[in-house]
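Trainee: A structural model of the following input is requested.
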Amino acid sequence: MTGSPERGVEDLLELGRRTKLIPFDNPADFPWRRYAVEGLLLLGRTEEAAALAREDLEIAERWGAAPTVAACRRTLGNALGGEEGEALLREAVGIAAGSPARIQHARALVDLGAALRRANKRVEARRSLREGADLAYRAGTAALVERANEELAATGARPRKEVLGGIYSLTASERRVAELAAQDKSNKEIAQAHRLAVIADAHFDVVRVPVVPSWMQKAALAVAAPVGRLLGYRPVYEPTTPARVMRPAPAV
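Mentor: The predicted structure is shown next:
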């Protein structure tokens, strides 16, 4: 999108009109419908979104690529909502699980978890969201990990910090402190800039959060993860290691 859903949808639909002029309108290579559906839903144009998502799924099923079919079922499920949408999201999870498309599998799990959460099926929602967060973490998709954690928080559960080490284990408040520490700010400067305030726990006791040198370790992880990916490194999940391990990606 362009920052404006209306403009983004217009551009995508124009792209679609041009794509239809060539005999290769494959959703796997030209996923303009899926993105347009997301924009239409943001604009509240649900009927248009559902119609476009159905069209996308029909074309994807003709081509037959499992990851694309899973993605299109997920998109249609999100557009329809309710029980029909939930059923499509479950189908998307099943199809993606049997394919090598880990990111599509993670997206389907997170979207299913979100739908279950909205349906007040919190226990099942948490299972789906935790599995989706774990898979998204292993695939290195930070935005999806963050969304899964937000949905988990909405169910009343905590993020899976034992799996999501490094930057993903930080709260928004901790991340701000880590960014300041990464800029070589002193503890005093961090405290002044960040205004570490009082927080209340579940019993409404008031405590203060001090700035301690251990923030530097988290700050280093916060900076290393995105920079490492840019330099050709990728995160490796190791069950015995609580934090992320950066290793060179193998040559392709």
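Trainee: what is the three-state secondary structure of residue 184?
Mentor: Recorded secondary structure, residue 184: coil (DSSP: H, G, I helix; E, B strand; the rest coil).
Trainee: relative to residue 8, how far out is it?
Mentor: For residue 184, the distance to residue 8 equals 39 Å [Cβ to Cβ, to the nearest Å]. Every C-beta, even on glycine, is put in place using the N, C-alpha and C of the backbone.
Trainee: which one of these two has more residues nearby?
Mentor: With neighbours defined as other Cβ atoms under 10 Å, residue 184 and residue 8 compare such that residue 8 has more, 18 against 9.
Trainee: the more buried one against residue 39, yeah?
Mentor: Yes: counting by Cβ atoms under 8 Å, residue 8 touches residue 39, with 5.1 Å between them.
Trainee: contacts only, for residue 88.
Mentor: Taking Cβ atoms under 8 Å, 6 or more residues apart in numbering, we find residue 88 in contact with 73-74, 76-77, 80.
Trainee: quick one: name whatever helix or strand follows the one helix or strand it maps to.
Mentor: Following DSSP states H and E, one finds residue 88 within helix 82-97. Later in the chain than helix 82-97, the nearest helix or strand by DSSP H and E is helix 102-118.
Trainee: tell me which residues of that next one come out buried.
Mentor: For helix 102-118, the neighbour count (16 or more other Cβ atoms under 10 Å) marks 102-117 as buried.
Trainee: by how many degrees do the next helix or strand after that helix and helix 82-97 diverge?
Mentor: The helix or strand immediately downstream of helix 102-118 is helix 122-139, counting by DSSP H and E. Between helix 122-139 and helix 82-97, the angle comes out at 30 degrees (axes from the mean of the first three to the mean of the last three Cα atoms, to 10 degrees).
Trainee: which positions in helix 122-139 come out as buried?
Mentor: 125-126, 128-139.
Trainee: likewise for stretch 92-102?
Mentor: Within stretch 92-102, judged by 16+ other Cβ under 10 Å, the buried ones are 92-93, 95-97, 101-102.
Trainee: neighbouring contacts of stretch 72-83?
Mentor: 27, 33-34, 37-38, 41, 46, 49-50, 53-54, 56-57, 60-61, 84-89, 91-92, 95, 104, 107-108, 111-112, 115.
Trainee: now with 7 Å, please.
Mentor: Residues outside stretch 72-83 that contact it (Cβ atoms under 7 Å, 6 or more residues apart in numbering) are 27, 34, 37, 41, 46, 49-50, 53-54, 56-57, 60, 85-86, 88-89, 91-92, 95, 107-108, 111.
Trainee: ok, stretch 22-37 next?
Mentor: 9, 12-13, 15-16, 19, 49, 52-53, 55-56, 59-60, 63, 65, 68, 71-72, 75, 79.
Trainee: thanks a lot, see you next time.
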